[in-house]
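Enquirer: Next comes the sequence, and after it the predicted model I'd like to discuss.
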Amino acid sequence: MKTELKAKFLQHLNKKRADKGFTLIELLVVIIIIGILAAIALPTFLNQTAKGKQAEAKSNISSINRTQTSYRAEKSAFAANFNQLALGTLNSTTGTATTVNYSYTVVGGNDSASVVAQSNDTSLKSYSGGTSRYVNSESQSVMTSIICEALQPGTGTPALINAITGGNTGSAPGCNTTNASPVE
């Protein structure tokens, strides 16, 4: 009788082990839930990578604008190339420089300077920046800067900044509101 009891106990244990595991339906439900979560998260993730790449252009243009202001205070004219600005991140003896994500063009004169960051990727927005020295309504010499962001992504070079005029009859730079908005 003892052996019979042992045999039944072993059969019971084997049957219990066979009941463990997941059914096919349970596995399919888990896979479907993971697929739905991935479909929700993927666009958000891709949007964040574009924002990170666009931060490069904003940062570089901001640095260029600040450096142009300092250069103008020292030299009485804005820099016409990147080596004059001595930024370190953008080096070129001409007015153009390129990174992985953007192509930069800088133009400098006596009373105004502008920079364009044209995206090399159709999923990224282009940016423009400008700095000008002008005389305000209180007859004070003022230097101001602006950064403009294209409303739509693309590799074109839209006129993001209104024509920058400086000097005694000049004005503060502004964004072309038909295809750009100011960056805060």
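Expert: Structure's in. What do you need?

Enquirer: Can you verify my assumption that residue 100 contacts residue 120?
Expert: Yes: contact status for residue 100 versus residue 120: in contact at 7.3 Å, counting by CB atoms under 8 Å. From N, CA and C alone the C-beta is placed, and that goes for glycine too.

Enquirer: low-scoring stretches of the protein, by residue?
Expert: Where the chain drops to pLDDT under 70, the residues are 1, 16-20, 156-170, 184.

Enquirer: again, only this time at 50
Expert: Nowhere does the chain drop to pLDDT under 50.

Enquirer: can you map out the strands along it?
Expert: 96-98, 102-108, 112-119, 127-135, 141-150, 180-182 (DSSP state E).

Enquirer: Please convert these to CSV, extending it with mean neighbour count and distance to residue 67.
Expert: CSV is the format used below for the strands of the chain (neighbours: other CB atoms under 10 Å; distance: least, CB to CB, whole Å):
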stretch, mean neighbour count, distance to residue 67
strand 96-98, 17, 13
strand 102-108, 21, 10
strand 112-119, 26, 10
strand 127-135, 25, 9
strand 141-150, 20, 10
strand 180-182, 17, 20
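
Enquirer: So between residue 100 and residue 120, which is more surrounded?
Expert: residue 120 (15 against 8; other CB atoms under 10 Å).

Enquirer: Contact partners for that one?
Expert: 98, 100, 101, 102, 103, 155 (CB atoms under 8 Å, 6 or more residues apart in numbering).

Enquirer: please redo it, this time with the cut-off set to 6 Å
Expert: residue 101 (CB atoms under 6 Å, 6 or more residues apart in numbering).

Enquirer: May I have the phi/psi pair for it?
Expert: phi -90, psi 0 (degrees, to the nearest 10).

Enquirer: Pull up the gap between it and residue 56, please.
Expert: According to CB to CB, to the nearest Å, residue 120 and residue 56 sit 11 Å apart.

Enquirer: just residue 136 next, same as before
Expert: Counting by CB to CB, the gap from residue 136 to residue 56 is 33 Å.
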